[in-house]
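K.L.:
Quick one, fold the following:
(2 chains)
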There are 2 protein chains.
Amino acid sequence: MLSQTVEYALRAVVCLASSPESRLTTPQIAEATKVPAGYLSKVLQSLGRAGIVESQRGLGGGFTLRKRAEVLTVLEVINAVDPIQRIHRCPIDKPEHELELCPLHKRVDDAIAHIESAFANSIIAEILAEKPTGCDLHVDLST
Amino acid sequence: MLSQTVEYALRAVVCLASSPESRLTTPQIAEATKVPAGYLSKVLQSLGRAGIVESQRGLGGGFTLRKRAEVLTVLEVINAVDPIQRIHRCPIDKPEHELELCPLHKRVDDAIAHIESAFANSIIAEILAEKPTGCDLHVDLST
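P.N.:
Numbering: from 1, shown residues only, chains lettered A, B, ... in the order given. Just a heads-up that it's a prediction; the model follows:
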């Protein structure tokens, strides 16, 4: 239901949020999140364009969250890489459904709206803090 | 969020449910639902394999709903062509998340579960009967 790109973007953001004091390289994030490095690189670019992560080149460079995990939502991460599409107009272009969706598309849009709302209320920092399992995607910088 | 295939399958089922007394040909359904005939044909095959529609060949042949619209749900139609995938185990294969999803995947799965439940409670006949706009995908057999 959610794309692979969304899954990878969420893992990358959780990984970065788990190490707020560190700049992480693409290989480090790839290792921790089990995302192929080439794919991850494109995902990080999209997250960068959306202002969610920022990168610094060179020695000691790498990625950090640009937006604080305490105010960053799952929805923002999703919409940065593969936006949730609401149904705003009749997909069949029926003129009589121009002003109001038919019951079928209304139900589908209602379901999408619910997901949108649930993800808008899912804060990355809260997810990280949840017990008992936690989201263990931190990079071990001691090795 | 839902695939093109799902959208087309729902349109085809609503179209067939709107003409319960008639066998409809692929071109008739394609015309009413604005779905390309080749694509529609594959969708109808999947719906047939799932026992949702049945077809009769030859003169006067065509498709009808095999399952009554009063007991057919949106979820069954979706799962016949592009099943909703719940998250049953950690996508990263973390051993510590083997028995319980991490908070991130738990939230994503909760959202998918909500959609699954909403669609399981959406009966095709109820959608057709809803006012004011209705789902006008019936085939005009008088022309």
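K.L.:
Now for chain A, the helix or strand with the poorest mean pLDDT.
P.N.:
helix A:124-129 (a mean of 90; mean pLDDT, DSSP states H and E).
K.L.:
Give me the contacts around it.
P.N.:
Contact partners of helix A:124-129, identified using CB atoms under 8 Å, 6 or more residues apart in numbering or on different chains, comprise A:13-14, A:17-18, A:68-70, A:72-74, A:77, A:134-135, B:103-104, B:107. C-beta here means a position set from N, CA and C on the backbone, and glycine is covered the same way.
K.L.:
hmm, try it at 6 Å
P.N.:
Contacts to helix A:124-129, defined as CB atoms under 6 Å, 6 or more residues apart in numbering or on different chains, come from residues A:Ala17, A:Ala69, A:Glu70, A:Leu72, A:Cys135, B:Pro103, B:Leu104.
K.L.:
Would you indicate which residues of that helix are buried?
P.N.:
By 16 or more other CB atoms under 10 Å in any protein chain shown, the buried positions in helix A:124-129 come out as A:Ile124, A:Ile127, A:Leu128.
K.L.:
re earlier: of the contacts of helix A:124-129, keep whichever come out buried.
P.N.:
A:Ala17, A:Ala69, A:Leu72, A:Cys135, B:Pro103, B:Leu104.
K.L.:
With respect to pLDDT, which of these ranks lowest?
P.N.:
Across those, the bottom pLDDT score, 62, is held by A:Cys135.
K.L.:
What residue in chain A is the furthest from its centre?
P.N.:
Taking CA atoms, centre = their mean, the residue of chain A most remote from its mean C-alpha position is A:Glu96, at 36.8 Å.
K.L.:
Including distance to B:Ile29 and secondary structure, could the contacts of helix A:124-129 go into a markdown table?
P.N.:
Formatted as a markdown table, the contacts of helix A:124-129 follow (distance: CB to CB, whole Å; DSSP: H, G, I helix; E, B strand; the rest coil):
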| residue | distance to B:Ile29 | secondary structure |
| --- | --- | --- |
| A:Ala17 | 49 | helix |
| A:Ala69 | 49 | coil |
| A:Glu70 | 51 | coil |
| A:Leu72 | 45 | coil |
| A:Cys135 | 46 | coil |
| B:Pro103 | 44 | helix |
| B:Leu104 | 41 | helix |
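K.L.:
Brilliant, that's me finished.
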